[in-house]
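Asks: just coords:
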């Protein structure tokens, strides 16, 4: 069972996860982080900015979950640009150690294999940050994605493109294709932490944590991982059947027990 932490708001969630990331980096200065984009992880990155002063992050490595295909890496909404803007620069990470999948059309046929090889060469991901889409996708693994899938090109659903259109001038500007870490890739990370906020994510959260494990809801793959933490606000937790137990377990968590142990 995933550890589920229900918090009053997104900043509280960000603080909890950021504290654990700082502990991880202090313990393992060359930690490998799995970096998600979108609105859900932003509270974590904001909280990290307040906590990272005095912490040596010069050796921290990172791998983004996904990238649009065919979008110039210099475009402000490419995930290379977003990660640089929201994570690398504010936290003072070495940009040479932070990678995103190569979404350029030249070489796209082998980009997935190359990304998998780079993750393996880094020793795997210690802590993978995740959000979840309203249709249950994680990364850009849309409904129907194989639980064994590796980094590859996917076609985005209409719903995902509509959800992401707020970052572009119109939905017509949202790319049709992406390259994303697969569910199998995500499940190989040593620890997972999934964040979700707002009532619009409630059905997806409930399905991922308490529903059947099904490719129709890719987020349910987290049930197959041995060390996963879900941090949600009250609205996103509103359809969880076992919410009272999750609150009870968190309130009585031993002080010595960390959220995750990526050693």
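Replies: Yes, it's here. Keep in mind it's a predicted model, so treat the numbers as computed, not measured.

Asks: Contacts made by the helix or strand bottoming out on mean pLDDT in the chain with the rest, please.
Replies: Within the chain, no helix or strand scores below helix 158-164, which has a mean of 89 by mean pLDDT, DSSP states H and E. Here helix 158-164 makes contact (Cβ atoms under 8 Å, 6 or more residues apart in numbering) with 133-135, 137, 140, 142, 156, 171, 174, 176. Bear in mind the C-beta positions are built from the backbone N, C-alpha and C, glycine included.

Asks: Now for this protein: which helix has the highest residue count?
Replies: Scanning the chain for the longest helix, with DSSP state H as the assignment, gives helix 10-27.

Asks: I'd like the distance from that helix to the chain centre, please.
Replies: 14 Å (Cα atoms, centre = their mean, to the nearest Å).

Asks: ok, then the element right after it?
Replies: Later in the chain than helix 10-27, the nearest helix or strand by DSSP states H and E is strand 32-35.

Asks: Please identify the helix or strand for residue 232.
Replies: Using DSSP H and E, residue 232 maps to strand 228-233.

Asks: Check which helices and strands the helix or strand just after the least confident helix or strand of the chain is in contact with.
Replies: Scanning forward in sequence from helix 158-164 by DSSP H and E, the next helix or strand is strand 177-180. With contacts taken as 3 or more Cβ pairs under 8 Å, 6 or more residues apart in numbering; DSSP states H and E, strand 177-180 sits against strand 66-68, helix 108-121, strand 152-155.

Asks: Please identify the deepest-packed of those.
Replies: Highest mean neighbour count among the helices and strands packed on strand 177-180 (mean count of other Cβ atoms under 10 Å): strand 66-68, with a mean of 24.

Asks: Pairing partners for it, with directions?
Replies: If you go by DSSP bridges, strand 66-68 pairs up with strand 177-180 (antiparallel).

Asks: quick one: the strand it pairs with to chain centroid distance?
Replies: Centre-to-centre, strand 177-180 and its host chain are 15 Å apart (Cα atoms, centre = their mean).

Asks: what's around the nearest residue to residue 233 once chain neighbours are set aside, how many residues?
Replies: Once flanking residues are discounted, residue 233 sits nearest to residue 197: 4.8 Å by Cβ to Cβ, 6 or more residues apart in numbering. By the criterion of other Cβ atoms under 10 Å, residue 197 has 23 neighbours.

Asks: I figured residue 197 hits residue 236, correct?
Replies: Yes. Counting by Cβ atoms under 8 Å, residue 236 is a contact partner of residue 197 at 5.5 Å.

Asks: returning to that earlier point: chain center to the helix or strand following the strand holding residue 232, what's the gap?
Replies: Following strand 228-233 in sequence order, the next helix or strand is helix 243-251 (DSSP H and E). Its chain's C-alpha centre and that of helix 243-251 lie 23 Å apart, by Cα atoms, centre = their mean.

Asks: in helix 243-251, what's buried?
Replies: Within helix 243-251, the residues that count as buried by 16 or more other Cβ atoms under 10 Å are 243, 246.

Asks: tell me the angle of it relative to helix 10-27?
Replies: For helix 243-251 against helix 10-27, the angle by axes from the mean of the first three to the mean of the last three Cα atoms, to 10 degrees is 40 degrees.

Asks: can you list contacts of helix 243-251?
Replies: By Cβ under 8 Å, 6+ apart, helix 243-251 touches 3-6, 237, 240.

Asks: Could you rerun that using 6 Å?
Replies: 4-6, 237 (Cβ atoms under 6 Å, 6 or more residues apart in numbering).

Asks: Tabulate these (CSV), appending neighbour count, secondary structure and pLDDT.
Replies: What follows is the contacts of helix 243-251, written out as CSV (neighbours: other Cβ atoms under 10 Å; DSSP: H, G, I helix; E, B strand; the rest coil; pLDDT from 0 to 100):
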residue, neighbour count, secondary structure, pLDDT
4, 23, strand, 98
5, 22, strand, 98
6, 19, strand, 98
237, 26, coil, 98
